[in-house]
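Participant: Build me a model:
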Amino acid sequence: MSAKKKIAINTGGGDAPGLNAVIRAAVLSALNRGWEAYGIRKAYHGLLGEAEIVPLTRDSVRGITHLGGTILGTTNRGNPFAWPTKRPDGTIEKVDRSDEVVANFRSHGFDALIAIGGDGSLRIAHELSLKGIPVVGVPKTIDNDIEGTPLTFGFLTAVYVATDAIDRLHSTAQSHERVMVVEVMGRDTGWIALFAGVAGTADVILIPEIPYDLDKICQKVLERERLGRRFTIVVAAEGAYPAGGSPVFKDPDTQRLGGVCEVLVSQISQRTGKDARAIALRQLQRGGGPISYDRLLALRFGAAAVSCIEAGDFGCMVALDPPDIKSIPLAEAVSRQKRVPLDGDVLATARALGICMGD
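Facilitator: Model prediction:
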């Protein structure tokens, strides 16, 4: 590599609080080394002629650390290995355009790519690294489901938002003697539900790692009723499902999860006779600026990604290794989904507090 490097940065998948902080740290770290930095808009769209590639300067990243979203834009429908392309008859087929991405990356003279994304985006980055693009990944997801790092930036902000919502629902649930079922994000994992549920003193927490028994949930509701606690807070991860059953999908074709809170409200109301209401937080957990911890973590990740480039450490992902940041192979990071451990201390704490986990 030449002393003066030209790096590219993109953001892919669902947005998360802290994306702009990573971009700012990476850009400033590069510029302070005398390098050039460019942003690829909308994940890989910019490398396929369907969006822009823009220079990133000090002015570009000034005052963005606290902002939610991403100044580069993002998409969860931008896999260059399966690019949606319209046929003449109007139907859509998936086409492999990864060779175009590699060719255009090289034609722009880029020396490295910082790919900021969740498990899907990092899998794409890993595949592109195998095709010769020098890649450093940065783990981004509110779901906290990426292997090799105990925390991803955006996760604790999502937990904070969910906990605040649960706190607010306590008073209205108690006033009306209702069961409130709060659905939070997390896809196939229960990290947000578990952390926010424990912090928000929920009575029932349902996570995909523990298929639930509806009878156990209703028993908890009725037990609280007998004790004079005539309201119940249920926190359900969007991927939670009953033993012997399957998750609820808002869109089965795209496997988009959502709607378990409505199902539970109907079932709990019928079984217990209690008035029950459903609240799905959905994208509220993604929006807004990052809390201070996520800002700091994102800034550390962005600076560490540039350090990896300087060291020639490619095909890797930066990861938290308390109290430091390290790099791990991308292959390791995408090898499996990080799920809530059934012997973990947060789950043990929930059970010690008497929280029903649905089993």
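
Participant: And for Val102, the neighbour number?
Facilitator: By other C-beta atoms under 10 Å, the residues close to Val102 number 16. For glycine as for every other residue, the C-beta is placed from the backbone atoms N, C-alpha and C.

Participant: For it, what are phi and psi?
Facilitator: Main-chain torsions, Val102, degrees, to the nearest 10: phi -60, psi -50.

Participant: Would you confirm that it contacts Gly132?
Facilitator: Yes. If you go by C-beta atoms under 8 Å, Val102 and Gly132 touch, sitting 6.1 Å apart.

Participant: for stretch 222-236, which positions count as buried?
Facilitator: By neighbour count on 16 or more other C-beta atoms under 10 Å, the buried set for stretch 222-236 is 224-225, 230-236.

Participant: Next: stretch 130-143.
Facilitator: Within stretch 130-143, the residues scored as buried using 16+ other C-beta under 10 Å are 133-143.

Participant: name the element Ala348 belongs to?
Facilitator: Secondary structure assignment for Ala348, by DSSP states H and E: helix 345-352.

Participant: and that helix, what other elements does it pack with?
Facilitator: Contacts defined by 3 or more C-beta pairs under 8 Å, 6 or more residues apart in numbering; DSSP states H and E place helix 345-352 against helix 191-199.

Participant: Mind checking which of the buried residues of stretch 130-143 land in helices?
Facilitator: Among the buried residues of stretch 130-143, none falls in helices (DSSP state H).

Participant: Tell me the one of those nearest Ser60?
Facilitator: Among the buried residues of stretch 130-143, Val138 lies closest to Ser60 (C-beta to C-beta), at 17.9 Å.

Participant: in the sheet, who's paired with that closest one?
Facilitator: For Val138, the residues forming beta bridges with it (DSSP bridges) are Ile116.

Participant: ok, it to Phe231 distance?
Facilitator: Distance of Val138 to Phe231, computed by C-beta to C-beta, to the nearest Å: 42 Å.

Participant: which helix is the longest one in the chain?
Facilitator: Counting residues, the longest helix found in the chain (DSSP H) is helix 155-176.

Participant: ok, now which ones touch Ile233?
Facilitator: Applying C-beta atoms under 8 Å, 6 or more residues apart in numbering to Ile233 gives the contacts 166, 169-170, 173, 180, 182, 200-204.

Participant: Of these, just the buried ones, PyMOL syntax please.
Facilitator: Only the buried entries of these go into this PyMOL selection, using 16+ other C-beta under 10 Å:
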select buried, resi 166+169+173+180+182+200+202+203+204
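
Participant: where exactly do the strands run in the stretch 251-359 of the chain?
Facilitator: For the stretch 251-359 of the chain, applying DSSP state E, counting those that start in this stretch gives strands covering 256-257, 276-280, 316-321, 324-329.

Participant: Reformat these as JSON lines; add mean neighbour count and distance to Gly18.
Facilitator: Converted to JSON lines, the strands of the stretch 251-359 of the chain look like this (neighbours: other C-beta atoms under 10 Å; distance: least, C-beta to C-beta, whole Å):
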{"stretch": "strand 256-257", "mean neighbour count": "18", "distance to Gly18": "23"}
{"stretch": "strand 276-280", "mean neighbour count": "19", "distance to Gly18": "23"}
{"stretch": "strand 316-321", "mean neighbour count": "23", "distance to Gly18": "13"}
{"stretch": "strand 324-329", "mean neighbour count": "16", "distance to Gly18": "14"}
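
Participant: Please tabulate those in JSON lines, including the columns mean pLDDT and distance to Gly245.
Facilitator: Shown next, in JSON lines, are the strands of the stretch 251-359 of the chain (pLDDT from 0 to 100; distance: least, C-beta to C-beta, whole Å):
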{"stretch": "strand 256-257", "mean pLDDT": "86", "distance to Gly245": "14"}
{"stretch": "strand 276-280", "mean pLDDT": "94", "distance to Gly245": "18"}
{"stretch": "strand 316-321", "mean pLDDT": "97", "distance to Gly245": "34"}
{"stretch": "strand 324-329", "mean pLDDT": "97", "distance to Gly245": "35"}
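
Participant: Between the ones you listed, which one is closest to Arg351.
Facilitator: Closest among the strands of the stretch 251-359 of the chain, using C-beta to C-beta: strand 276-280, at 23.9 Å.

Participant: Partner strands of the closest one and their direction?
Facilitator: When pairing is defined by DSSP bridges, strand 276-280 lines up against strand 179-184 (parallel).

Participant: Which residues does the partner strand contact?
Facilitator: Under the criterion C-beta under 8 Å, 6+ apart, residues 158, 162, 165-166, 169, 172-173, 192-193, 196, 202, 221, 231-238, 258-261, 264-265, 268-269, 272, 274-282, 285 lie in contact with strand 179-184.

Participant: Just the element for Asn104, please.
Facilitator: Asn104 belongs to helix 98-107, assigned by DSSP H and E.

Participant: ok, and for that helix, which residues are buried?
Facilitator: Those would be 98, 100-102, 104-105, for helix 98-107 by 16+ other C-beta under 10 Å.

Participant: Closest one of those residues to Asp343?
Facilitator: Using C-beta to C-beta, Ser98 comes nearest to Asp343 of the buried residues of helix 98-107, at 39.8 Å.

Participant: from what I can see that closest one touches Phe81, true?
Facilitator: Yes. Judged on C-beta under 8 Å, Ser98 makes contact with Phe81 at a distance of 5.0 Å.

Participant: Need the residues touching each of these two.
Facilitator: Contacts common to Ser98 and Phe81, judged by C-beta under 8 Å, 6+ apart, are Glu127.
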